[in-house]
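Below is the structure, and that's it, no one-letter string:
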């Protein structure tokens, strides 16, 4: 079992819809959970991070962590064509190990 | 607008040649990371430094790869000799915090390496 699993997509949704992106993980030692956005031929850009369980909101973006299920989500409300990108989840453990998911390609259709 | 810069942005070289990639972290950041990204493997951490000292290079093939920080404003990743399987995009990232805080990283634009 891989430490972090992420559906590669592509995921296509109409503009204005709510987008749900997810990752599962197997290592219970992960304590920080991050989401990065990567546009084509660019470097990843940190969207937000969450420590332990719970929700965090930043504008149209909401990150959720469910440590009991080892499942994290990123929700995008009122999705825009400019949200079209690859979204990478990442996780950091207590011993400074960091693992990235392979990313989900998202297309927002105008 | 503080950014991580990387040079060169593109590099095409022949197998066996030495490749050096350079990174300037964001001023004031004390943690620097090197990653490799491929379609098959995704984003993999190769090595990282804190206050210029190497902390973890377990992701790096030791026989051909080396990473250094000659000073606080420059990090280098060297491949010698290069092989076709090294073809990938290499990213540098920097972070503003000390111990334990790998969760906030700012990535550069990457160096796209092609080894023929």
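Arrived safely, thanks for sending. Quick caveat: nothing in here was measured; it's all calculated off a predicted structure. Numbers count the residues shown, from 1 in each chain, chains lettered A, B, ... in the order given.

right, is stretch A:57-71 up against chain B?
No: under the criterion of C-beta under 8 Å from any C-beta of the partner chain, stretch A:57-71 makes no contact with chain B; the nearest approach is 12.0 Å. In short, each C-beta sits where N, CA and C put it, glycine included.

Look at that stretch and report the distance between its end residues.
According to C-alpha to C-alpha, to the nearest Å, stretch A:57-71 extends 17 Å from its N-terminal end residue to its C-terminal end residue.

same thing with stretch B:105-116?
In stretch B:105-116, first residue to last residue: 31 Å (C-alpha to C-alpha).

give me the low-pLDDT residue ranges for the chain?
I went with chain A, as the question did not name one. Filtered on pLDDT under 70, chain A yields the residue ranges A:1.

not what I meant, chain B
When residues are selected by pLDDT under 70, those of chain B lie in B:1, B:98-101.

Contact residues of it facing chain A?
Taking C-beta under 8 Å from any C-beta as the criterion, the neighbours of chain A within chain B are B:4, B:42-45, B:55-56, B:91, B:93, B:100, B:102-110.

how about a cut-off of 6 Å?
Near chain A, the residues belonging to chain B are B:42-43, B:45, B:91, B:102-103, B:107-110 when assessed by C-beta under 6 Å from any C-beta of the partner chain.

So which residues of the chain form strands?
In the absence of a named chain, this looks at chain A. In order along the chain, chain A carries the following strands (DSSP state E): A:4-5, A:11-14, A:19-25, A:30-38, A:45-51, A:54-58, A:61-66, A:71-76, A:85-93, A:98-100, A:104-109.

actually chain B
B:5-7, B:10-13, B:19-24, B:31-38, B:42-50, B:53-56, B:65-71, B:74-79, B:88-95, B:106-107, B:111-115.

export those to a markdown table and tack on mean neighbour count?
As requested, these are exported to a markdown table (neighbours: other C-beta atoms under 10 Å in any protein chain shown):
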| stretch | mean neighbour count |
| --- | --- |
| strand B:5-7 | 16 |
| strand B:10-13 | 14 |
| strand B:19-24 | 19 |
| strand B:31-38 | 23 |
| strand B:42-50 | 20 |
| strand B:53-56 | 14 |
| strand B:65-71 | 15 |
| strand B:74-79 | 19 |
| strand B:88-95 | 24 |
| strand B:106-107 | 21 |
| strand B:111-115 | 18 |
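
Looking at these, spot the one closest to residue A:73.
The closest approach between residue A:73 and any of the strands of chain B, judged by C-beta to C-beta, belongs to strand B:42-50 at 19.2 Å.

Identify all contacting residues around that closest one.
For strand B:42-50, contacts defined as C-beta atoms under 6 Å, 6 or more residues apart in numbering or on different chains pick out A:98, A:100, A:102, B:31-37, B:55-57, B:59-60, B:67, B:69.

All set, thanks.
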